[in-house]
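**Student:** my questions are about this predicted structure, shown below with the sequence.
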Amino acid sequence: MQGPRKLSLLFSVGFLMIVQQASAQALTTISGRVKGGNGQPVSVSWWSEPGVSPAKSQDTLLQKDYFCFRLPTEPVAVLFFYLDAGGARNFYGTLRPGDSLMLTFAEDTMILAGSGAPACRAQYLSRRAQERISQPVRDDVPSRVTWYRQQMTAAEDVLQRYHDSLPAAEYAVVRANVLGETAAKMIACLWHASPDGIAQAEQSSLYQQAIRPALPAIVPSDTTALAIRYLNYLLQKAEADYFMQQHSQCTDREIYEWIKSHYTGIMRDKLLAHQLLQSLAAGGQQEVLANCAQDYLSMVQHPACKQAIAAKYGKIKKGISKGMPAPAFSFPDSTGHPVNLNFFTGKVVLLHFYDADDQLLPSLSEINTCFNKEEVVFIHINCNSNASPKYPGVQLHADGQMGNVLEQYNISRYPALIVVGKNGNIYATRPPDPTADHGAALADIIYAALLQ
């Protein structure tokens, strides 16, 4: 009788160990240490389908200078994450589901350990290598293009060292993400070459002779479609290629059709979804985007892409749109003096309508430091009688005068953000929530408005 009981016990223990091991492997773990940071908040955001699905996030407090996040399993090959431990202690990288990563923030460097360290180290060292390339003395187009080419060469040299030590798919995603980011910046030189722009012939020569030969050789595939910065780069390239062929700026519809005819499979699905979501966020023409979304939903195969566009398509409605004049208003500032929106013509304006429950202060404060106050102004409109938080920029108090303005700006809830271009016209009606990605997408939209 003892034999069967022992065998049963051994089987139970063995089965329990297998279950525990499978459970442990199902979690992606990000931990680390921040010297002298006990009690400080730490947050991590991650994306399973960057550029398509919204970020998920977790928050914790440092306990004895230590933090640990256990992320649930995602049905994807690679997760992108951003970790913020306060101040300059932040990190952006990629992990495979089930990986572990240990980050130690030192004074002037970072120590990485764990199964996810090689891929994160490749990206970290690539960015460091790019940062060491000195900015050009002259801020003209050829100099900036050369600078970005040098940055890509420096990053490629680092990435090549990890070619054989990373799985092929993970290496392809890391490389596409790193090089795609710099390549997009290089293509952007076409559109802000000088305050007055450059002649079309010059643009063509610049693109064909200097920019295009330097673009990274990355094959569009289901794998590289995972890299968000690579998707951004392909959107920039599609716009540039269309411009060079048609000799005119492309509309949302035209770039949609261009991508649709030049890509296939998952890459087409993701790139079109990313383009539509960006156009909607920037306040593109609602009727045009609704038609594009309807066409997209009739052919898309990727489930996450279909779900994302279907959700947005259901919410497209009439209201202000990109390009129309921003409705005028006049509200008193903190001293009681009336402030009119027309006062800020010639600057890019971020309108921020908020109430007592607003949580955007940290994000907007961080974004505000990225721009020159002579070029960009944040206008914060307090829509109730509660005490106003100390936002950076112009503080206005609307109190009970908001009805007509809210209707004109199609605002149904707070907080609400609107971007107004330098010409006084609407540039973006629904910019992305800055708390979802630490303001990166919103900052990009403001920067794009500055270049117009």
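**Tutor:** Great, that's in hand.
**Student:** just checking, what packs against the helix or strand that residue 260 is a member of?
**Tutor:** Assessed by DSSP states H and E, residue 260 sits inside helix 252-262. Using 3 or more Cβ pairs under 8 Å, 6 or more residues apart in numbering; DSSP states H and E as the contact criterion, the elements in contact with helix 252-262 are helix 228-246, helix 265-281, helix 286-297. Heads up, the C-betas are built off the backbone N, CA and C, glycines and all.
**Student:** out of those, indicate the one that is most buried.
**Tutor:** Neighbour counts (mean count of other Cβ atoms under 10 Å) averaged over each of the helices and strands packed on helix 252-262 peak at helix 265-281, with a mean of 22.
**Student:** show me the shaky parts of the stretch 151-300 of the chain.
**Tutor:** Filtered on pLDDT under 70, the stretch 151-300 of the chain yields the residue ranges 192-201, 283.
**Student:** tell me how far the nearest residue to residue 292 once chain neighbours are set aside lies from residue 190.
**Tutor:** The shortest distance from residue 292 to any residue other than its chain neighbours is 4.7 Å, reached at residue 256 (Cβ to Cβ, 6 or more residues apart in numbering). Taking Cβ to Cβ, to the nearest Å as the criterion, residue 256 is separated from residue 190 by 20 Å.
**Student:** with residue 86 instead?
**Tutor:** From residue 86 to residue 190 the distance is 37 Å (Cβ to Cβ).
**Student:** looking at those two, which has the bigger crowd around it?
**Tutor:** Here residue 86 and residue 190 are set side by side on neighbour count (other Cβ atoms under 10 Å), and the busier one is residue 190, at 22 against 14.
**Student:** phi, psi for the more buried one please.
**Tutor:** Note on residue 190: backbone dihedrals following degrees, to the nearest 10 are phi -60, psi -30.
**Student:** doesn't residue 210 make contact with it?
**Tutor:** No: using Cβ atoms under 8 Å as the test, residue 190 is too far from residue 210 to be in contact (10.3 Å).
**Student:** residue 63 reaches residue 40, doesn't it?
**Tutor:** No: contact between residue 63 and residue 40 fails when scored by Cβ under 8 Å: they sit 10.4 Å apart.
**Student:** higher neighbour count, these two?
**Tutor:** More crowded of residue 63 and residue 40, by other Cβ under 10 Å: residue 40, with 15 against 10.
**Student:** for residue 110, see how far away that one is.
**Tutor:** 17 Å.
**Student:** what's the first-to-last distance across stretch 160-176?
**Tutor:** From the first residue to the last, stretch 160-176 extends over 13 Å; the measure is Cα to Cα, to the nearest Å.
**Student:** flag every buried residue along it.
**Tutor:** Applying a neighbour-count criterion of 16 or more other Cβ atoms under 10 Å, one finds 162, 166, 169-176 buried in stretch 160-176.
**Student:** residues in contact with that stretch?
**Tutor:** Applying Cβ atoms under 8 Å, 6 or more residues apart in numbering, the set of residues contacting stretch 160-176 from outside is 77-78, 94, 96, 118-119, 121-123, 159, 216, 218, 221, 223-224, 226-227, 229-230.
**Student:** among the residues you listed, which are in helices?
**Tutor:** Secondary structure from DSSP state H places 118-119, 121-123, 159, 229-230 of the contacts of stretch 160-176 in helices.
**Student:** which single one of the residues you listed is nearest to residue 360?
**Tutor:** Distance to residue 360, by Cβ to Cβ, is smallest for residue 229 among the ones in helices among the contacts of stretch 160-176, at 24.9 Å.
**Student:** next helix or strand past the helix or strand containing residue 149?
**Tutor:** When secondary structure is defined using DSSP H and E, the element that contains residue 149 is helix 141-160. Moving toward the C-terminus from helix 141-160, the first helix or strand encountered (DSSP H and E) is helix 168-188.
**Student:** what angle separates that next one from helix 228-246?
**Tutor:** Angle between the axes of helix 168-188 and helix 228-246 is 50 degrees (criterion: axes from the mean of the first three to the mean of the last three Cα atoms, to 10 degrees).
**Student:** so what's the gap between helix 168-188 and the chain middle?
**Tutor:** Averaging C-alpha coordinates over helix 168-188 and over its chain gives two centres that are 14 Å apart (Cα atoms, centre = their mean, to the nearest Å).
**Student:** the contacts of stretch 160-176, buried ones only, as a PyMOL selection?
**Tutor:** In PyMOL syntax, the buried subset of these is picked out as below (16+ other Cβ under 10 Å):
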select buried, resi 77+78+94+96+118+119+121+122+123+159+216+218+223+224+226+227+229+230
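**Student:** any buried residues in the helix holding residue 149, and which?
**Tutor:** The neighbour-count check on helix 141-160 (16+ other Cβ under 10 Å) flags 141, 144-145, 147-152, 154-156, 158-159 as buried.
**Student:** just to revisit the earlier point, include distance to residue 427 when you put the ones in helices among the contacts of stretch 160-176 into a markdown table, please.
**Tutor:** Below are these laid out as a markdown table (distance: Cβ to Cβ, whole Å):
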| residue | distance to residue 427 |
| --- | --- |
| 118 | 41 |
| 119 | 36 |
| 121 | 39 |
| 122 | 36 |
| 123 | 32 |
| 159 | 36 |
| 229 | 23 |
| 230 | 25 |
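**Student:** just those residues now: which is nearest residue 321?
**Tutor:** Minimum separation from residue 321 among the ones in helices among the contacts of stretch 160-176 (Cβ to Cβ) is found for residue 229, which lies at 28.2 Å.
**Student:** contact partners for that closest one?
**Tutor:** 176-178, 180-181, 184.
**Student:** pretty sure residue 284 sits in a strand.
**Tutor:** No: assignment of residue 284 by DSSP: H, G, I helix; E, B strand; the rest coil gives coil, placing it outside any strand.
**Student:** what's the neighbour count on the nearest residue to it once chain neighbours are set aside?
**Tutor:** Distance criterion Cβ to Cβ, 6+ apart; nearest residue to residue 284, sequence neighbours excluded, is residue 252 at 4.5 Å. Burial of residue 252, expressed as a neighbour count using other Cβ under 10 Å, amounts to 20.
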